[in-house]
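> everything below, folded, please.
(chains A, B, C and D)
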2 protein chains.
Amino acid sequence: MARPPDFELEPDEIIDAALEILDEKGLDAVSMRSVSSRLGVSPVPLYNRIGNKDDLLDAVAKRLLADLAPPTDPGESWQDYSERWAHELRERLRRAPDSRLVLRTRRWAFTEASRPLVDAMRAAGFDADEAVRGCRMLMWATVGFVAIESGAVTEITSRPRRSRLAGGDPSGVSQTEADQLFSLQIRLLIEGIDREERAGRAPRPPR
Amino acid sequence: MARPPDFELEPDEIIDAALEILDEKGLDAVSMRSVSSRLGVSPVPLYNRIGNKDDLLDAVAKRLLADLAPPTDPGESWQDYSERWAHELRERLRRAPDSRLVLRTRRWAFTEASRPLVDAMRAAGFDADEAVRGCRMLMWATVGFVAIESGAVTEITSRPRRSRLAGGDPSGVSQTEADQLFSLQIRLLIEGIDREERAGRAPRPPR
DNA sequence: ACCTGAACACCGTTCAAGT
DNA sequence: ACCTGAACACCGTTCAAGT
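Numbers count the residues shown, from 1 in each chain, chains lettered A, B, ... in the order given. As a prediction, the model looks like this:
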C-alpha cells in the first residue's frame, strides 16, 4: 500500500485505481476514500489533482467512453453509416460497467462522436444545419434509449441485490424486444431525416 | 417535532414529508434521517412502513409521476393524440423537482400512461402488437429525451452549484433547439409508425 | 409489537499540523 | 508546497433495550 517516497502521483493513476474498483466492486464502491486508500495515500491528493468526487466520476466516464463513433467505411451510404453508427454507439454505451456513467457523457463525447456522422451527411448533400440536427436526433435517441434500457431505470441508487429476473429487463421488455424496438426506431428516424432532406431540396414542397 | 402519543404514522405522511424536503432543499437533502426527524420519529418506523431508502425514493417518484397520460379527445386522430401525448408527457416529466426521479419511473407509470395511447391506436385499426410497439417507441423516445435533456446528464451526483449558463442547457443546445428537436423526432416517429402500419395492412408489401 | 438511543461502518470535504 | 491525521457533519442500516 505504501508508495516509494518521491513517486509522482499522476491523475491517470487515480482514474486507473477508480476503474479497478469499479470493475471489482461496482460504482457504489468508488469513493474518494476507497480510491485514495488503494493508492496508499490520503484523500487530499485526489482533491488537488482531479477535484471532488463529481470530477472523479466525470473523468472515469470520459476514460470509459472515449472514441465512441465507429469509423466511416468509404462507399457506404449515409443511411447505412447512420444505422451502424447508432448500433455501435448503443453497444459501447451498454458495455459501461454501470449505466449511470452513461448519463455523465457530456458535450465532449457527444460532439466527438458526432463529427464523423455529421461529415458523412454533409458529404451526402445535407447542409450544415440539417446534418447537425439529424445527427443530434440520432445521438439523443440512442443515448436516451440506453439510459432507459440498461437499468439507469432500476439502478440509480443501488439496491444491493435485485433479482434481475434472468435475462429480463427493467421495464418488462425482453432483450430481443428491446433490440427490435431500437432497430425500428433508428430506421424510422433515418427514413424521416431522409425525407425531410429531400423535401427541403425540392423548390417548393407540396404541403 | 414531537407527535401526539397514539397518532398513527401513515406511509403517505412519510412521502409527504419527503416531498416537502425535496421541494425545500432538493433531492440530496432527502434522507432516511431527515425525513424521520421531520416527522419527529426515529428512522426505524420508516423501515417498517416503506422499506429502505430506495423504496422511499420509488414511492416519491410514484406520487410525483402518477397520471402521466393526457385524456383522449374524442374525434382526434391517433396521430394528433400521439403528438399531444408525447408533448404533455415530456412536460410532466420535466416538471419533476429533480430529473433523477424520472428514471425511477418504472413499469407501473409506463404501462399506466401507455394504456390510452394503445387504445387510441387499436381503435384506429392497429393490431395489438403494433399498437404496443408503437406506443412503447414513443414512450421510450420521450423518457429518454427528458433524461438527457433535463440535466439527468449533469446532475446525477449533485455538484453543489454549477453555473447553468443562463437558460443554457447541458449539452450545448438551447431550449428552443431542444424543443424543435423533440417535436421533429416525435413527428418522424409517428409518420414512421403510420407507414409501417399501412405497409403491414397491404397484402404483400413491395420490398 | 413497536419504538428509541446508540452503535456500526461508512461517506465527502476541510484543516491544522507536520516535513 | 504538499502531505497526513484528525475532525466535522453527515449518511443507511441494525440492534439491544425499553414500554
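> what does chain A put close to DNA strand C?
A:29, A:31-34, A:42-44, A:47, A:52-54 (Cβ under 7 Å from any atom of the strand). From N, CA and C alone the C-beta is placed, and that goes for glycine too.
> got the domain ranges for chain A?
Taking automatic domain parsing as the reference, chain A has its domains at A:11-63, A:69-201.
> for stretch A:173-188, what is the distance to the chain centroid?
On the basis of Cα atoms, centre = their mean, to the nearest Å, stretch A:173-188 is displaced by 18 Å from the centre of the chain it belongs to.
> who touches A:Leu27 in this structure?
Counting by Cβ atoms under 8 Å, 6 or more residues apart in numbering or on different chains, A:Leu27 touches A:97-98, A:100-101, A:158.
> let's see 10 Å
With contact taken as Cβ atoms under 10 Å, 6 or more residues apart in numbering or on different chains, A:Leu27 is in contact with A:18, A:21, A:57, A:60, A:96-101, A:155, A:158.
> from those, which two are the most distant?
A:Ala18 and A:Glu155 (18.1 Å; Cβ to Cβ).
> and those two? Which one has more around it.
Shown here are A:Ala18 and A:Glu155; by other Cβ atoms under 10 Å in any protein chain shown, A:Ala18 has more neighbours (26 against 19).
> need the pLDDT of the more buried one.
For A:Ala18, the model assigns a pLDDT of 98.
> counting contacts, what elements does the helix or strand where A:Phe110 lies pack onto?
In this assignment (DSSP states H and E), A:Phe110 forms part of helix A:107-123. Here helix A:107-123 touches helix A:53-64, helix A:78-94, helix A:128-149, going by 3 or more Cβ pairs under 10 Å, 6 or more residues apart in numbering or on different chains; DSSP states H and E.
> how about the shortest one and chain B, any contact?
To tie it back to what came earlier, the one meant is helix A:53-64. Yes. Helix A:53-64 reaches chain B (Cβ under 10 Å from any Cβ of the partner chain) through A:53-58, A:61.
> so which of those is the closest to chain B?
Comparing the residues of helix A:53-64 next to chain B against chain B with Cβ to the nearest Cβ places A:Asp54 closest, at 4.6 Å.
> export the helices and strands packed on helix A:107-123 to JSON lines and tack on distance to B:Glu149 and mean neighbour count?
Compiled in JSON lines, these are given as follows (distance: least, Cβ to Cβ, whole Å; neighbours: other Cβ atoms under 10 Å in any protein chain shown):
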{"stretch": "helix A:53-64", "distance to B:Glu149": "18", "mean neighbour count": "19"}
{"stretch": "helix A:78-94", "distance to B:Glu149": "17", "mean neighbour count": "19"}
{"stretch": "helix A:128-149", "distance to B:Glu149": "8", "mean neighbour count": "22"}
